[in-house]
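Peer 1: Predicted coordinates and the sequence they were generated for:
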Amino acid sequence: MRLIAAVMLSCILCGCASGNSAFDRAVRLREALLAANTCSFDASVTAHYTDTAYQFQLSCAVDHNGALTFTVSSPETIQGISGKISSDTAALTFDDKVLVFPILADDRLTPVSAPWIFYSTLLSGYLTGCMENEDGLVISIDDSFLENPLHLQIHTDRNDIPVYAEVYYQENMVISLGISSFTLV
């Protein structure tokens, strides 16, 4: 009986150690974000609506204050439109005109807000879980926007660099992001 108890305790402790390892890696990623002056990345954003999906390609840069600037690189019809999103404002710029927009419209997250939500949640959301898989980490983070709960699943590569994220709003996956060229300076 003692042997079985010892084996079970060893299994539990080993499982906790590997869980802590993944959690520690997620915390180190957050610490690197906090220590960086800037972060840049490209985001392939897909907004998943009930009846259709919309795709955008954005080049993004986040400053040390957490303000994200972006430029649309596709689709071609809106290529070159840029904007800025921070915790207090969001605006688009095109033809030298600035259009302020809400991050929530018609009770949906606006797709161009997705990179800022990804970065902001990764930086300061509540880490609810973390596990290792063959490709890297899967980090679960809870956050909120305007008192509405958000849940993100962020996938990293083996070097703990974010490569993909899913944003869940009102318990539905509403936006996915492919992340590339993620750089901290």
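Peer 2: Great, that's in hand. Residues are numbered from 1 along each chain as shown.
Peer 1: What separation do you get for the residue nearest to residue 181 when sequence neighbours are not counted and residue 162?
Peer 2: Residue nearest to residue 181 in three dimensions, not counting chain neighbours: residue 42, with 4.9 Å by CB to CB, 6 or more residues apart in numbering. C-beta here means a position set from N, CA and C on the backbone, and glycine is covered the same way. Using CB to CB, to the nearest Å, residue 42 is found at 12 Å from residue 162.
Peer 1: which neighbours do these two share?
Peer 2: residue 179 (CB atoms under 8 Å, 6 or more residues apart in numbering).
Peer 1: Comparing these two, which residue is more hemmed in?
Peer 2: residue 162 (24 against 17; other CB atoms under 10 Å).
Peer 1: which residues of this protein fall in helices?
Peer 2: 2-35, 114-124 (DSSP state H).
Peer 1: what's in contact with the last one?
Peer 2: Going back to what we said before, that points to helix 114-124. 29-30, 33-34, 39, 41, 43, 45, 47, 58, 60, 62, 66, 68, 70, 85-87, 90, 103, 109, 139, 141, 143, 145, 150, 152, 154, 162, 165, 167, 175, 177, 179.
Peer 1: Now with 7 Å, please.
Peer 2: 30, 33-34, 39, 43, 45, 58, 60, 62, 66, 68, 70, 85, 109, 141, 143, 145, 150, 152, 154, 162, 165, 167, 175, 177 (CB atoms under 7 Å, 6 or more residues apart in numbering).
Peer 1: just stretch 159-177 next, same as before
Peer 2: Taking CB under 7 Å, 6+ apart as the rule, stretch 159-177 contacts 25, 29, 43-48, 108-109, 111, 114-115, 117-118, 122, 136-137, 148, 150-157, 178-179, 182.
Peer 1: Can you pull up the most central residue in the chain?
Peer 2: residue 118 (2.5 Å; CA atoms, centre = their mean).
Peer 1: before we move on, the earlier item: filter the contacts of stretch 159-177 to the buried ones?
Peer 2: 25, 29, 43-47, 109, 111, 114-115, 117-118, 122, 136-137, 150-156, 179, 182 (16 or more other CB atoms under 10 Å).
Peer 1: quick one: which of the residues you listed sit in strands?
Peer 2: 43-47, 109, 137, 150-156, 179, 182 (DSSP state E).
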